[in-house]
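*Asks:* give the three-dimensional model of this entry:
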Amino acid sequence: MTYTFIKNGTLIDGTGNNPMKEAAVLIKDEKIEQVGSTDNITIPEGTTVVDATGKYILPGLIDTHVHMAMELRNVQDAILTPFSYRFYESVSFLKRTLQTGITSVRDAGFSDIGMKKAVENGLVEGPRMQVSINPLTTTGGHGDHWNHSGVDTSLQSYPGMPDGNCDGKEEVRKTVRKMLRAGAEVIKVHATGGVSSPTDHPEFTQFSREELEVMVEEANFRKGIKVMAHAQGAEGIKNAIRAGIYSIEHGIYIDDEAIELMLEHNTFLVPTLLAPLSVLEAAEHSNTMAPYAIEKSKEVIEAHKESIARAYKSGVKIAMGTDAGVMPHGTNLRELGLMCDLGMSAMESLVATTKTAAECLGWDEELGTVEAGKFADLIIADTDPLEEIRALENRDHIVFVMKNGEIYKDDIK
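*Replies:* Next comes the predicted model:
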């Protein structure tokens, strides 16, 4: 039995409540035991004490849309890189993400159950993971990276990563079952085209509503399993919501009807504002982005901002997600400033990255806020994120990271 006592910090607890000064958190093993003022908590003998004077205590942050097994590379590199190389690369991606203050992620494709198990068993350092295995896609859809040259640059399938291409209700049903058999904790579908795919467009609708309903039906047979949808065009977004899909990823072309449906169905929106911006930034200094991705990013970036701003102002539930892997892992917290640019307050962006993100993952009873009984996922920042949210973009300002009561970073001075 081990105790850790974090004292004298300003607590931003993830609920949206006003910060608490001179706050303290007592951790017993992997759980939070008490939260209160520094002077009112009695600590057991032998407790490890962390002095957060002048600093800010927050829940561990959550990114609901990442790709931990990849970072985009140019076509030549994708073809020439050995198959197993990306597994070794992912070790640094996982550690970098955790050191950024992100203690939990929902992986939106290409991480298998072995990666999750390696983190859980302590073989590698990384955030807690919820995995989708491989996204479902139509032939010629967003996840089909067959090029007009005839070269296919899709990530290879293997026993723990079934092929996600499927067409028609019965193929869809079988593919969902294969993902569940492989350990998927959430089903991911490409309901529309996208920016990074070679032969489609974000507004193209993929999968019929009936096919999407089959995915939801199969997922619902497993208690707690839900479906998340890459959905960028308006019709594909509305098909996904009507089919019972619970989170819309990207949401580039959201119209008023889609907003009404999201409010009616209590659907989450995961904006990933950083994704198209990162494509354009990378185009300025590297050759990692294909010309079609650059052109489509230029086309969608302003519409994307307008859609997310309109959804936010209408009261749609927003959970922070980045599409990390499209941009370098560890740069995730740039998303918070981008959300604030569209009208969210710093506090609202933090709630989207803690409480609401935990709700999106179905983990809100265990994570997302600093409360007694929840897992001890905590970070400490040396700057006030409510005064300058973009300070968190520099991970040096995250001076302490705890996950499950275990300290992974302690740079407190």
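*Asks:* so the chain: which segments form each domain?
*Replies:* Listed by automatic domain parsing, the domain ranges of the chain are 3-60+369-410, 61-361.
*Asks:* just those domains: most buried one?
*Replies:* Sort those by mean neighbour count, taking mean count of other Cβ atoms under 10 Å, and domain 61-361 sits at the top with a mean of 21. Every C-beta, even on glycine, is put in place using the N, C-alpha and C of the backbone.
*Asks:* which ones are touching the closest residue to Y246 other than its chain neighbours?
*Replies:* Leaving aside its chain neighbours, Y246 sits nearest to K226 (4.7 Å; criterion: Cβ to Cβ, 6 or more residues apart in numbering). Counting by Cβ atoms under 8 Å, 6 or more residues apart in numbering, K226 touches V186, I187, A219, I245, Y246, S247, G362.
*Asks:* which two from these end up farthest apart in space?
*Replies:* Using Cβ to Cβ, those span at most 14.2 Å, a distance reached by I245 and G362.
*Asks:* CA atoms only for the helix or strand bottoming out on mean pLDDT in the chain, dumped as CSV, please.
*Replies:* When the helices and strands of the chain are compared on mean pLDDT, DSSP states H and E, helix 75-80 comes out lowest with a mean of 79. Below are the C-alpha coordinates for helix 75-80, written out as CSV (Å, rounded to 0.1, in the frame of the first residue of the first chain):
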residue,chain,number,x,y,z
VAL,A,75,4.8,7.4,-50.4
GLN,A,76,8.3,6.3,-51.1
ASP,A,77,9.1,5.8,-47.4
ALA,A,78,5.8,4.0,-46.9
ILE,A,79,6.7,1.5,-49.6
LEU,A,80,10.3,1.0,-48.5
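*Asks:* hmm, back to that, going by mean pLDDT, which of the domains of the chain comes out lowest?
*Replies:* For the domains of the chain, the weakest mean pLDDT is recorded on domain 61-361, namely a mean of 93.
*Asks:* isn't G236 right up against S208?
*Replies:* No. Using Cβ atoms under 8 Å, G236 makes no contact with S208, being 10.4 Å away.
*Asks:* for K28, phi and psi?
*Replies:* The phi/psi pair for K28 (degrees, to the nearest 10) reads phi -120, psi 120.
*Asks:* for it, give its distance to A372.
*Replies:* According to Cβ to Cβ, to the nearest Å, K28 and A372 sit 10 Å apart.
*Asks:* then F221?
*Replies:* The value you get for F221 to A372, if Cβ to Cβ is used, is 35 Å.
*Asks:* go on, Y312?
*Replies:* Y312 sits 31 Å away from A372, going by Cβ to Cβ.
*Asks:* just T100 next, same as before
*Replies:* Taking Cβ to Cβ, one finds T100 at 26 Å from A372.
*Asks:* again, but for S314
*Replies:* 34 Å.
*Asks:* kindly report the same for G150.
*Replies:* Remark: distance between G150 and A372 (Cβ to Cβ) = 59 Å.
*Asks:* kindly report the same for D256.
*Replies:* For D256, the distance to A372 equals 42 Å [Cβ to Cβ].
*Asks:* need the three-state assignment for the residue lying closest to W363 once chain neighbours are set aside.
*Replies:* Leaving aside its sequence neighbours, W363 sits nearest to S104 (Cβ to Cβ, 6+ apart; 7.0 Å). The three-state label given to S104 by DSSP: H, G, I helix; E, B strand; the rest coil is strand.
*Asks:* who touches S104 in this structure?
*Replies:* 60, 62-63, 127-130, 357-358, 361, 363, 367, 377.
*Asks:* circling back: what does the least confident helix or strand of the chain contact?
*Replies:* By Cβ under 8 Å, 6+ apart, the residues outside helix 75-80 that reach it are N147, V151, T153, T288, A290.
*Asks:* what helices or strands is the biggest helix by length in the chain leaning on?
*Replies:* In the chain, taking DSSP state H as the definition, the longest helix is helix 291-313. If you count contacts as 3 or more Cβ pairs under 8 Å, 6 or more residues apart in numbering; DSSP states H and E, helix 291-313 packs onto helix 256-265, helix 274-285, strand 317-318, helix 334-341.
*Asks:* could you give the angle of it to helix 334-341?
*Replies:* Interaxial angle of helix 291-313 relative to helix 334-341 (axes from the mean of the first three to the mean of the last three Cα atoms, to 10 degrees): 50 degrees.
*Asks:* next, the angle from helix 291-313 to helix 256-265.
*Replies:* Following the same axes, to 10 degrees, one obtains 60 degrees for the angle between helix 291-313 and helix 256-265.
*Asks:* from the middle of its chain, how far away would helix 291-313 be?
*Replies:* Its chain's C-alpha centre lies 19 Å from the corresponding centre of helix 291-313 when counted by Cα atoms, centre = their mean, to the nearest Å.
*Asks:* who touches that helix?
*Replies:* Residues outside helix 291-313 that contact it (Cβ under 8 Å, 6+ apart): 194-196, 198, 201-202, 232, 250-254, 259, 262, 269, 271, 273, 276-277, 279-280, 283, 318, 339, 341-344.
*Asks:* same question for stretch 339-353.
*Replies:* Residues from elsewhere that reach stretch 339-353 (Cβ under 8 Å, 6+ apart): 12, 14-16, 58, 61-63, 271, 273, 305, 308-309, 312-313, 318-320, 335-337, 385-387, 389.
*Asks:* from the chain's centre, how far out does that stretch sit?
*Replies:* Going by Cα atoms, centre = their mean, where stretch 339-353 is centred and where its chain is centred differ by 16 Å.
*Asks:* check stretch 14-28 too.
*Replies:* 24 Å.
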